[in-house]
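# Whatever this is, show me its structure:
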Amino acid sequence: MNIEQARFNMIEQQIRPWDVLDPQVLDLLFVVKRENFTPPAYRSLAFADMEIPLGEGQTMLAPKIEAKLLQELGLRKTDKVLEIGTGSGYMAALLAARAEHVVTVESRPALADQARRNLADAGIGNVTVETGNGTGGWPARGPYDAIVVSGSLPTLPDALLKQLRVGGRLAAIVGEAPVMEAVLVTCTADGIYNSVNLFETVVAPLDGVSAKSSFSL
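Here you go, the predicted model:
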């Protein structure tokens, strides 16, 4: 497989047609090597338009969804970012390239360890991988300028919104199959939130989340 041709095709045939047009995001997809965050058994599928198994029942989001969420967050170099659901560390690597620091939370210790290795191998030093249940965020290191949830939630927990600074943005995929919507929520003032629907999709639930009754707004 010609890796660079496959990467180019991913960007031009999957990601750009999804209205991911921010040149900084597109350039970043060439720089952060997705194949190095993909399990060896699936490396030939690193650029495919699909979720990739990571083991322990977990998956990487499809490339176009990662890129779209990254673009919509509009990160700045001074931002402190929280990611919930580290997986292989790839999304954390993308976030880290555009932010000051990323805290990423993974509930499965084996995946957290692998993500730490992947990030270290990529020379990325501004990511802290925490092991634990991040379904309610990670308030100990908050508040955050941006939060991204790398898995779907049945509803958006209030605890997450409260960890946003004023001006902060949260990107998440909310709903239950077959109806899910990616949303961007902005904290416009203390306790005031503006939500915009981005696109419809269906992705695997965030680890540790099962039913709507888990949360109340």
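# End to end on stretch 33-41, go ahead and measure it.
16 Å (CA to CA, to the nearest Å).
# List of residues touching that stretch?
Outside stretch 33-41, the residues that touch it by CB atoms under 8 Å, 6 or more residues apart in numbering are 3, 7, 10, 43, 45-47, 52-55, 60, 63, 88-90, 93, 118, 121-122. C-betas here are computed from N, CA, C, even on glycine.
# Put the buried members of those residues into a ChimeraX selection.
A single ChimeraX command is used to select the members of these judged buried by 16 or more other CB atoms under 10 Å:
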select :7,10,43,45,46,47,52,54,60,63,88,89,90,93,118,122
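# Where helices are concerned, which of the contacts of stretch 33-41 count?
Among the contacts of stretch 33-41, the subset assigned to helices under DSSP state H consists of 3, 7, 63, 90, 93, 118, 121.
# Nearest to L28 among those?
Nearest to L28 among the ones in helices among the contacts of stretch 33-41: A93, at 9.2 Å, using CB to CB.
# Please verify my assumption that that closest one contacts I124.
Yes: here A93 lies in contact with I124, judged by CB atoms under 8 Å, at a distance of 5.4 Å.
# Counting residues, name the longest strand you see in the protein.
The residue-count maximum for a strand in the chain (DSSP state E) belongs to strand 164-176.
# Return the member of the ones in helices among the contacts of stretch 33-41 nearest to L73.
For the ones in helices among the contacts of stretch 33-41, the closest approach to L73 (CB to CB) belongs to A93, at 14.6 Å.
# With adjacent residues omitted, what lies nearest to that closest one?
Leaving aside its sequence neighbours, A93 sits nearest to V32 (CB to CB, 6 or more residues apart in numbering; 4.9 Å).
# Repeat that for E106.
Nearest residue to E106, sequence neighbours excluded (CB to CB, 6+ apart): T86, at 3.6 Å.
# Okay, and that neighbour sits in which element?
Using DSSP states H and E, T86 sits in no helix or strand.
# which ones are touching it?
So T86 contacts 92, 104-106, 111-112, 115, 129, 150 (CB under 8 Å, 6+ apart).
# give me that answer again for 7 Å
T86 is in contact with 92, 104-106, 111-112, 115, 129, counting by CB atoms under 7 Å, 6 or more residues apart in numbering.
# ok, now which ones touch the residue nearest in space to the middle of the chain?
Residue closest to the average C-alpha location in the chain (CA atoms, centre = their mean): S150, at 4.0 Å. When contacts are counted by CB under 7 Å, 6+ apart, S150 is found next to 61, 83-85, 87, 91.
# what does G137 give?
By CB under 7 Å, 6+ apart, the contact list for G137 reads 82, 84, 159-160, 163.
# Looking at those residues, spot the one nearest A97.
A97 lies nearest to L82 out of the contacts of G137, by CB to CB, at 16.2 Å.
# So the closest one versus V202, what's the distance?
24 Å (CB to CB, to the nearest Å).
# Could you check which of the two is surrounded by more residues?
When L82 and V202 are compared for neighbours, L82 comes out ahead with 29 against 13, by other CB atoms under 10 Å.
# just checking, the more buried one touches D145?
No: with contact defined as CB atoms under 7 Å, L82 does not reach D145; the gap is 9.1 Å.
# quick one: the strands in the protein?
Going by DSSP E, the chain shows strands at 52-55, 58-60, 80-84, 101-106, 127-131, 144-153, 164-176, 179-189, 192-201.
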